[in-house]
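1. heads up, no residue letters with this:
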């Protein structure tokens, strides 16, 4: 039988289409798209220990809200957390005046919010209005003041914005990385009515929210999960012009207990943990890495190390009858009585460095390398305590004050964090050897923060996440008038001459544009800090993040969110299904 020529042609075309389809499917299954880049699609599961108190980042400053904002919103510029470089985001380009005070941003055109409404300069102006509205009382707003003053923002046209800084600011526009741009059409009514602080709570229907980020919220089940889906209107593309994000879904599964997080990652039930690797888990995770089931990413040395600080408010009840509790020599003695080497080797299994202050090698050029470490010298510690009247007066092995009362104090620390608990146990044990009695009180994190806010404590062992390597971005810690000046926050005027000097130095450091001068000024700050040691530091661990080997596109950063800061570039690796 003779087959018609037209049918032969049709069969050939069908075979070609089938072969192309087979090739395409196999390219996708191998973790690549047809152009050779990361494949699109798939879902990443993240275990997460914190639940949001709000979906409004402006009124809720915690880490969960910050992560959510980075997933569903976008900023004018973004700081690459692995290089520190400012890169375009909603603003595709910008220019500045010679004095560095006026910045003009040209916005991307053709962008829409996830609900389809166009993004314009009016949304930027609205976002700053909400940020600085006194009725909102935004914690984010207070961190985006420069010298205590607001930035002035106006729209020059629909796609051009002018931002005027109140004074010279050395970190420049990097601070805009913290500000998610919100939709005026969704939130203006709430702001006008004085109800912005209550807008977008966790009970808000997800359909009522809109953003410019790579993902949208699909579902929130308290105590269970927060699910995100791809924002089909996200405008960013990768280097080859492909639409981002690569993933279809990203899901946070609330897992309050860290042991459970590790077990789920090890079992292949999760792709990423909320936090960096605990060092007691490192050996087992290294074994899984050898098997090709887990990938370990080392970002560098932490820039947010654990710290021990005392309540140095002269009016604090804790110091009544215990003036020695606020004396420099007490902190110097503890710093010399505790072996940093022991903490590095015992708590961090050698995966840490000994430090003398808040600036670690992870800060790069800001780290003062010639600042000497306090020597481990218990005998010197005893001499220092004797100089402030603490001696063993009754031979019981404990130091007494001049009234004969045992010198003791308590350290509060959040429970459930094994690294901090083990560290503070070593501190307790080693200062006991020089005669100081220490009670360790483990509380939930909220109770510790309440005690700090009320000034009702002796000492606290805790840590705070930094979000930039530049010290000029962390004036809340350095300036005596700021709320995160932990040992004595929100001082009307500096209570000590050295704090007044640090205030002066940090104000100069954050406003000069001469980089070499900034380095010099900050070196003096670090030396002054070490001289008085208001906070005692012992070790800075390496930041190691574990992910399932399924996950590609990871750029691990030193600060949170260590991986999800760049969630739009995550993708599912080759042969992913065999490792799930």
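-> Cool, the structure landed. This structure is a prediction, so every number in the text was calculated from the model and none was measured. Numbers count the residues shown, from 1 in each chain.
2. Walk me through the domains of the chain.
-> Taking automatic domain parsing as the reference, the chain has its domains at 74-198, 203-302+543-579, 307-540.
3. Let me know which of those is the nearest to residue 52.
-> Between residue 52 and these, the shortest separation by Cβ to Cβ is 7.3 Å, and it involves domain 203-302+543-579. Every C-beta, even on glycine, is put in place using the N, C-alpha and C of the backbone.
4. Straight-line length of stretch 186-197, end to end?
-> From the first residue to the last, stretch 186-197 extends over 14 Å; the measure is Cα to Cα, to the nearest Å.
5. what ranges do the strands span in the stretch 351-500 of the chain?
-> For the stretch 351-500 of the chain, the strands defined by DSSP state E, counting those that start in this stretch occupy 352-354, 408-414, 437-443, 459-462.
6. how about residue 565, what does it touch?
-> Contact analysis of residue 565 by Cβ atoms under 8 Å, 6 or more residues apart in numbering lists 70, 81, 557.
7. From residue 390, how far off is the second one?
-> Distance from residue 81 to residue 390, counting by Cβ to Cβ, to the nearest Å: 45 Å.
8. picking up where we left off before, what about the domains of the chain, which gets the closest to residue 46?
-> domain 203-302+543-579 (4.6 Å).
9. From the chain's centroid, how far away is the biggest strand by length in the chain?
-> Ranked by number of residues, the top strand in the chain under DSSP state E is strand 539-548. For strand 539-548, the distance between its averaged C-alpha position and the chain's averaged C-alpha position is 14 Å (Cα atoms, centre = their mean, to the nearest Å).
10. Name the next helix or strand downstream of that strand, please.
-> Towards the C-terminus, the helix or strand next in line after strand 539-548, according to DSSP states H and E, is strand 551-552.
11. returning to what we had before: export the domains of the chain as TSV, with columns for distance to residue 54.
-> Listed next are those as TSV, based on distance: least, Cβ to Cβ, whole Å:
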stretch	distance to residue 54
domain 74-198	9
domain 203-302+543-579	9
domain 307-540	15
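12. Quick one: these as TSV, columns for mean pLDDT and distance to residue 48 too.
-> What follows is the domains of the chain, written out as TSV (pLDDT from 0 to 100; distance: least, Cβ to Cβ, whole Å):
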stretch	mean pLDDT	distance to residue 48
domain 74-198	95	18
domain 203-302+543-579	93	4
domain 307-540	95	15
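13. Ok, which of those comes nearest residue 44?
-> Taking Cβ to Cβ as the criterion, domain 203-302+543-579 is the member of the domains of the chain that comes nearest to residue 44, at 4.7 Å.
14. How many neighbouring residues does residue 58 have?
-> Neighbours of residue 58 under the rule other Cβ atoms under 10 Å: 27.
15. is it true that it touches residue 129?
-> No. The pair residue 58 and residue 129 does not pass the contact test of Cβ atoms under 8 Å, sitting 10.9 Å apart.
16. And the nearest residue to residue 184 once chain neighbours are set aside, how close does it get to residue 187?
-> Leaving aside its sequence neighbours, residue 184 sits nearest to residue 126 (Cβ to Cβ, 6 or more residues apart in numbering; 3.9 Å). Counting by Cβ to Cβ, the gap from residue 126 to residue 187 is 8 Å.
17. What of residue 434?
-> For residue 434, the distance to residue 187 (Cβ to Cβ) stands at 57 Å.
18. can you pull out the helices in the stretch 251-400 of the chain?
-> Secondary structure of the stretch 251-400 of the chain by DSSP state H, counting those that start in this stretch: the helices cover 258-266, 282-290, 328-337, 340-346, 378-387.
19. What residues of stretch 428-442 count as buried?
-> Within stretch 428-442, the residues that count as buried by 16 or more other Cβ atoms under 10 Å are 428, 430-431, 434-436, 438, 441-442.
20. and what of stretch 189-208?
-> Judged by neighbour count (16+ other Cβ under 10 Å), stretch 189-208 contains these buried residues: 190-191, 196-197, 199-200, 204, 206.
21. Out of the contacts of residue 565, the closest to residue 100 would be?
-> Nearest to residue 100 among those: residue 81, at 24.0 Å, using Cβ to Cβ.
22. give me every residue that touches that closest one.
-> Under the criterion of Cβ under 8 Å, 6+ apart, the neighbours of residue 81 are 555, 557-559, 565-566.
23. between the residues you listed, which is closest to residue 487?
-> Checking the contacts of residue 81 against residue 487 by Cβ to Cβ gives residue 559 as the nearest, at 22.4 Å.
24. That closest one: neighbouring residues, count only.
-> When neighbours are defined as other Cβ under 10 Å, residue 559 has 18 of them.
25. what's the distance between it and residue 110?
-> Note on residue 559: its distance to residue 110, by Cβ to Cβ, is 33 Å.
26. what do you get for residue 198?
-> Noted for residue 198: a distance of 33 Å to residue 110, by Cβ to Cβ.
27. re the thing from before, for the residue nearest to residue 184, pull up the helix or strand it's in.
-> Residue 126 is located in helix 121-132, with elements delineated by DSSP H and E.
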